[in-house]
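> Here is the input, now give the coordinates:
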Amino acid sequence: MQKLVIVEDDQTLREELGILLTNAGYEVYSIEEFAGVAKQLVKVNADLVLLDINLPGENGEAILQEFRKESETPVIMLTSRTGEMDEVLSMSYGADDYITKPYNPTILLLRISAVLKRGQKNIQVCKYKDVEVSTIKGTLTRGNSEQVLTKNEMLIFNLLLEHEGEIVSRDELMTTLWDNDEFLNDNALSVNISRLRNKLADLGVSEAIETRKKQGYRLR
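Got it, this is the predicted structure:
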């Protein structure tokens, strides 16, 4: 079930929207304290955020800017304003859509569905064992520990992960790096593999990458 977060200070509107979304099959979480909203949104880790512009304290556009420093989660701005400038600002700050109140419930649900579908096409977070792999941030995360990978390390790890349990030849790895405009000679590839092994070991995942002499590498 996909989780949606509502950031709306009008209690009646918040509750009505919550009922609409729940009946549509979404899990709903509402923000009711309007201090440190961006940090709350990061912690909730939802699939989509419905963010009102007119909020007590920080406005929605400022919250969106701060949230975008930490997350690529889709955001739809909700507002009673009809000015074109608000829409332009919201989209420039990283909003995925913008809808004015009062909104048609059916149209709102269609817009939410469309944004979620776009997001699913661009999902760039996956798992290796209990390690979260984010190609957006270029990180490997396990529990409270995080390792930042270089572009080359991430390209190598992604290819190994796509073929988990299978042997990937050095030639395949070199071709992948070449196709991404990253030239590595044979020695540099070995160095990158070694660094990647060390970072995985630092996360407590030792011996993840197996070397097969004259064949290549395998992610176990």
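> sec struct for Leu200, please.
Look at Leu200: counting by DSSP: H, G, I helix; E, B strand; the rest coil, its state is helix.
> ok, it - contacts?
By Cβ atoms under 8 Å, 6 or more residues apart in numbering, the contact set of Leu200 is Val131, Leu140, Gln147, Ser206, Ala208, Ile209. C-beta: built from backbone N, CA, C; applies to glycine.
> Which one of those residues sits in the busiest neighbourhood?
Compared across the contacts of Leu200, Leu140 has the highest neighbour count, 24 neighbours, by other Cβ atoms under 10 Å.
> Surely that one is in a strand?
Yes: counting by three-state DSSP, Leu140 falls inside a strand.
> helix, strand or coil for the closest residue to it other than its chain neighbours?
In space, not counting the residues next to it along the chain, Leu140 is nearest to Gln147; the distance is 4.7 Å by Cβ to Cβ, 6 or more residues apart in numbering. Classification of Gln147 using three-state DSSP returns strand.
> End to end on stretch 201-212, go ahead and measure it.
Start-to-end span of stretch 201-212 (Cα to Cα, to the nearest Å) is 19 Å.
> Run through who's touching that stretch.
128-129, 131, 140, 142, 145, 147, 160, 167, 193, 196-197, 200, 217-220.
> of these, buried ones?
Burial by neighbour count, judged by 16 or more other Cβ atoms under 10 Å, picks out 128, 131, 140, 142, 147, 160, 193, 196-197, 200, 217-219 from the contacts of stretch 201-212.
> any idea how far Glu153 is from Val5?
Val5 sits 33 Å away from Glu153, going by Cβ to Cβ, to the nearest Å.
> Settle it for me: which of those two has more neighbours?
Applying other Cβ under 10 Å to Val5 and Glu153 shows that Val5 carries more neighbours, namely 22 against 18.
> Tally up the residues packed near the nearest residue to the more buried one once chain neighbours are set aside, please.
Distance criterion Cβ to Cβ, 6+ apart; nearest residue to Val5, sequence neighbours excluded, is Ala46 at 4.3 Å. For Ala46, the count of nearby residues is 21 (other Cβ under 10 Å).
> quick revisit: isn't the residue nearest to Leu140 right up against Lys199?
Yes: using Cβ atoms under 8 Å, Gln147 is in contact with Lys199, at 4.1 Å.
> list residues touching both of these two?
Shared contacts of Gln147 and Lys199, defined by Cβ under 8 Å, 6+ apart, comprise Leu140.
> ok, now how distant is the residue nearest to Val5 from Met77?
15 Å.
> Could I get the pLDDT score of the residue nearest in space to the middle of the chain?
Geometric centre of the chain, nearest residue: Glu72, 4.7 Å, by Cα atoms, centre = their mean. At Glu72, the pLDDT value in this model is 83.
> And Asn23, by the same measure?
pLDDT, Asn23: 95.
> Look at it and say how many residues are nearby.
Asn23 has 11 neighbours, counted by other Cβ under 10 Å.
> Just to be sure, the residue nearest to the centre of the chain is in a helix?
No: with three-state DSSP as the criterion, Glu72 is assigned coil and is not in a helix.
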